[in-house]
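Asker: A predicted structure for the sequence below; I have some questions about it.
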Amino acid sequence: MVIELWVHWAQRGLRLMAASALVLLAACGSSSKYDEFIPKRIVSIGDALSYIGDGTDRYTVNGSTELNNWVLRLADRYGLASSQVVESISATAKASNTDLQPLLNTVTPAPDDLLVISVGIQDVIEQADLVANGSKTLSDATRDAKLAGNRYRDFAIAQLDLGFPRIFMMPVFDFSNSPFATGQSYAAYGTTVSALVASFNEGMITNAGSYASSSRKILTYTEGFLVSLAQTQLYYGAIGISNVSDELCTAANIQACSVTGLTNATLLDTYFYTKDFYPTPRVHRHFGDTIYNFFRSTRGW
């Protein structure tokens, strides 16, 4: 049995950016596209970023004629219908067994399942708020954010032993330039968020390969999710996103945001943020496409 670990970090601009891919591949014998994994069902757990609901109250712009959720986009790329996606979401879930394990209590893993997990935004916000109100130093907060990432990793690894054959861990994207972060009274809130996001994601991948497995695999992909304010415009500009800091929706409640309620619906595909730190449908589709393309280029997936 061989356990192989690939971690690739690249530089973007003046600081460590996210051209990062981690594949934990425990392989017996050959692993190639000849034994590729095509899921027959996607099980999605985590926070509001992945919430599907009834299609009218997602944490993005609702009422779009195109897919507006990254999990559904990923499923669609695999040729799966929405009925083949099982979701168990807690909007404010954090990276802890207390929050995550109950979400899987009613799900029985199947050999062709892909488990996708999204969590971490609330952990980052919790630590950023403690720094902002003076209850914790940034050094202590980054340490605790990394520990939260460790818990995320440990939870995912535990699901391998419980029967999920493939697991994708969604990283936290850098929302330091979001309307939520820039709207805080603490002047350094954005830079604090950026540091905490990096620490959380580092904790997510640290020592993630030090477990025993057989043919089961965990994969996480972070290219483009951890881009700085200076680089965000450049990276997302390639897909037509020209506004990476303002909110598109002015509704009081993010779940009430709809295409018909937008001041200018023609801007729908040019904004990164719907409201607060929640992405627009265009960004959701980009997330889903990017993850799918990475899966299909990775052996054993």
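Answerer: Done, it's in.
Asker: which stretches of this protein have low pLDDT?
Answerer: For the chain, applying pLDDT under 70 flags the ranges 1-35, 208-216, 221-234.
Asker: tell me which residues touch the residue nearest the centre of it, please.
Answerer: The residue lying closest to the centre of the chain (CA atoms, centre = their mean) is M170, at 3.3 Å. By CB atoms under 8 Å, 6 or more residues apart in numbering, the contact set of M170 is G46, L49, S50, V116, I117, S118, V119, G120, T220. Every C-beta, even on glycine, is put in place using the N, C-alpha and C of the backbone.
Asker: how deep is the fourth one tucked in, by neighbour count?
Answerer: If you count neighbours by other CB atoms under 10 Å, V116 ends up with 24.
Asker: likewise L162?
Answerer: Neighbour tally, L162, other CB under 10 Å: 12.
Asker: and it, how close does it get to Y273?
Answerer: L162 sits 35 Å away from Y273, going by CB to CB, to the nearest Å.
Asker: which residues in the stretch 151-300 of the chain form strands?
Answerer: Taking DSSP state E, counting those that start in this stretch to define them, one finds strands in the stretch 151-300 of the chain at 166-170, 217-221, 243-247, 271-275, 278-279.
Asker: please save the CA atoms from the longest helix along the chain in CSV.
Answerer: Across the chain, the longest stretch assigned as helix under DSSP state H is helix 138-161. Written as CSV, here are the backbone C-alpha positions of helix 138-161 (Å, rounded to 0.1, in the frame of the first residue of the first chain):
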residue,chain,number,x,y,z
LEU,A,138,-4.1,38.3,15.9
SER,A,139,-1.4,35.8,16.6
ASP,A,140,-3.7,33.8,18.9
ALA,A,141,-6.5,34.1,16.4
THR,A,142,-4.5,32.7,13.5
ARG,A,143,-3.4,29.9,15.8
ASP,A,144,-7.0,29.0,16.6
ALA,A,145,-8.1,29.4,13.0
LYS,A,146,-5.4,26.8,12.0
LEU,A,147,-6.7,24.5,14.8
ALA,A,148,-10.2,24.9,13.3
GLY,A,149,-8.8,23.8,10.0
ASN,A,150,-7.2,20.8,11.7
ARG,A,151,-10.7,19.9,13.0
TYR,A,152,-12.1,20.2,9.5
ARG,A,153,-9.3,17.8,8.2
ASP,A,154,-9.9,15.3,11.0
PHE,A,155,-13.6,15.2,10.4
ALA,A,156,-13.1,14.5,6.7
ILE,A,157,-10.6,11.8,7.4
ALA,A,158,-13.0,10.2,9.8
GLN,A,159,-15.6,10.0,7.1
LEU,A,160,-13.3,7.7,5.0
ASP,A,161,-13.5,5.1,7.7
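Asker: identify each buried residue in it, please.
Answerer: Within helix 138-161, the residues that count as buried by 16 or more other CB atoms under 10 Å are 138, 141-142, 144-146, 148-157, 159-160.
Asker: picking up where we left off before, so what's the residue nearest to the centre of the chain bridging to?
Answerer: In this entry, M170 is beta-bridged to S118, by DSSP bridges.
Asker: distance of it from V259?
Answerer: Separation of M170 from V259 (CB to CB): 25 Å.
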